[in-house]
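In: sequence and predicted structure below; questions after.
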Amino acid sequence: MLIAGFPAGAWGTNCYLVAPAAGEECVIIDPGHQAADVVAETVAKHRLKPVAALATHGHIDHVASVVPLCGARDIPAWIHPEDRYMLGDPEKALGRRLGDRLLGDLTLGEPDDLRELDDDTTLSLAGLEFAVAHAPGHTRGSVTFRLPARADVPQVLFTGDLLFAGSIGRTDLPGGDHPEILRSLERVCLTLEDPTVVLAGHGPQTTIGHERATNPFLRGLAAGPGADGDQPPPAPRRGM
């Protein structure tokens, strides 16, 4: 499997291109602010053919390049219906103004082919199977995308702004809910096997096992839903 990731734009949001191998079709996950040029370079380098763009959630740092990328390559985009409104109104999603200077650098709105994600479904794209899990808390429409283990390649979970190396997503923006994100972490992340690779929306990669053992925000959740123990501290200001 080929997974090429890079931090993009003013917020350093991780964008990932995922393909069975070089020279094949690929999926773009979270094409955020100023991601289009690096996506084009990565596609050329690995001789890839994009067939879809997937959004873990609707914050502008994860979707700012969706419209130009999908338009230029005539591909569909997928987003959860709860976050769809953010594509056309990113300031409403953040509860603050982004500023005319930044907004002038963005192409707002929906791509021509926009499709809505359902929970507990599987997307068959580019010869890969992406298991979709609704994981609200950071936003109401946050989702994760999970690729099953293949041969010597471990399972991979694209977490967006749900789970980071050493941290979790912030919940102080419109649609955020701290108890809800803890339930999502229990249900979506901590039920997975320790070797599962976590590719987050910001920061370095990690594994479920490492976060289970060391992430202070998962304290009291590691034993699974309903576990006793100290509650995690308030969520940090990570992500948008």
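Out: Ah, there it is.

In: my read: Gly5 touches Asn14, true?
Out: Yes - Gly5 lies in contact with Asn14 (CB atoms under 8 Å); the separation is 5.4 Å. Backbone N, C-alpha and C define where each C-beta goes, glycine included.

In: more neighbours, the two?
Out: Shown here are Gly5 and Asn14; by other CB atoms under 10 Å, Asn14 has more neighbours (23 against 17).

In: ok, back up a step: overlap in contacts, Gly5 and Asn14.
Out: Applying CB atoms under 8 Å, 6 or more residues apart in numbering, one finds that Gly5 and Asn14 are jointly contacted by Leu199.

In: name the SS class of Ser124, please.
Out: strand (DSSP: H, G, I helix; E, B strand; the rest coil).

In: that one: what's its closest spatial neighbour, skipping adjacent residues?
Out: Phe130 (8.0 Å; CB to CB, 6 or more residues apart in numbering).

In: where along the protein do the strands fall?
Out: Ranges of strands in the chain, per DSSP state E, are 2-8, 13-19, 25-29, 49-54, 77-79, 114-116, 121-125, 128-134, 143-147, 156-160, 163-164, 167-168, 197-200, 206-207.

In: ok, now which ones touch Thr13?
Out: Pro7, Asp30, Gly32, His33, Ala35, Asp61, His62, Gly201, His202.

In: surely the fifth one meets Ala10?
Out: Read it as Ala35. No - between Ala35 and Ala10 there is no contact, the gap being 11.3 Å when judged by CB under 8 Å.

In: list the contacts for the residue lying closest to Ala93 once chain neighbours are set aside?
Out: Spatial nearest neighbour of Ala93, excluding adjacent residues (CB to CB, 6+ apart): Met86 at 4.0 Å. If you count contacts by CB under 8 Å, 6+ apart, Met86 has them with His57, Gly58, His59, Ile60, Val63, Lys92, Ala93, Thr139.
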